[in-house]
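Enquirer: mind folding the following:
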Amino acid sequence: MTKVYKLTVLVVDLDDLGLDGIADELDTAIVMHQESREVEWDDDHPLNKKDTYQAEFDRLFGDTK
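Expert: Model prediction:
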């Protein structure tokens, strides 16, 4: 089994980096909430594919939209 994690973070953008800059600087983030699920992982897992990862994420952690 492999664990997958969902993290909710709070980022204070004191340097006006914007969303892309923040994504590059995740060390400034504070983890506000975390969840984990165990999955049977292989290279064909839906989380490992661009066209299916969102649906699998929603299935595992609940619809986030």
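Enquirer: pLDDT below threshold where in this protein?
Expert: 64-65 (pLDDT under 70).
Enquirer: which stretches of this protein form helices?
Expert: 18-24, 53-61 (DSSP state H).
Enquirer: out of those, which comes closest to His33?
Expert: helix 53-61 (10.8 Å; Cβ to Cβ). Placement of C-beta: from N, CA and C, glycine included.
Enquirer: for that closest one, name the packing helices and strands.
Expert: Identification of packing neighbours for helix 53-61 by 3 or more Cβ pairs under 8 Å, 6 or more residues apart in numbering; DSSP states H and E yields strand 2-10, strand 30-39.
Enquirer: buried ones in that helix?
Expert: Glu56, Phe57, Leu60 (16 or more other Cβ atoms under 10 Å).
Enquirer: contact partners for the residue nearest to the first one when sequence neighbours are not counted?
Expert: Translated: Glu56. Nearest residue to Glu56 in three dimensions, chain neighbours excluded: Pro46, at 3.6 Å (Cβ to Cβ, 6 or more residues apart in numbering). Applying Cβ atoms under 8 Å, 6 or more residues apart in numbering, we find Pro46 in contact with Thr52, Tyr53, Ala55, Glu56.
Enquirer: mind doing that once more with 10 Å?
Expert: Val39, Thr52, Tyr53, Gln54, Ala55, Glu56, Phe57, Arg59, Leu60 (Cβ atoms under 10 Å, 6 or more residues apart in numbering).
Enquirer: these two touch, right, the last one and Thr2?
Expert: No. Counting by Cβ atoms under 10 Å, Leu60 does not reach Thr2; the two are 12.0 Å apart.
Enquirer: thinking again about what came up before, of all the helices of the chain, which one is nearest Glu35?
Expert: helix 53-61 (6.1 Å).
Enquirer: how far away from the center of its chain is that closest one?
Expert: 11 Å (Cα atoms, centre = their mean, to the nearest Å).
Enquirer: CA atoms of stretch 55-65 as PDB?
Expert: The C-alpha trace of stretch 55-65 is given here as PDB (Å, rounded to 0.1, in the frame of the first residue of the first chain):
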ATOM      1  CA  ALA A  55     -11.600  12.300 -10.600                       C
ATOM      2  CA  GLU A  56      -9.600   9.900  -8.500                       C
ATOM      3  CA  PHE A  57      -8.600  12.700  -6.100                       C
ATOM      4  CA  ASP A  58     -12.300  13.600  -5.700                       C
ATOM      5  CA  ARG A  59     -13.200   9.900  -5.100                       C
ATOM      6  CA  LEU A  60     -10.500   9.600  -2.400                       C
ATOM      7  CA  PHE A  61     -11.000  12.900  -0.600                       C
ATOM      8  CA  GLY A  62     -14.400  14.100  -1.700                       C
ATOM      9  CA  ASP A  63     -15.300  16.600  -4.400                       C
ATOM     10  CA  THR A  64     -13.100  19.700  -4.000                       C
ATOM     11  CA  LYS A  65     -14.800  21.900  -6.500                       C
END
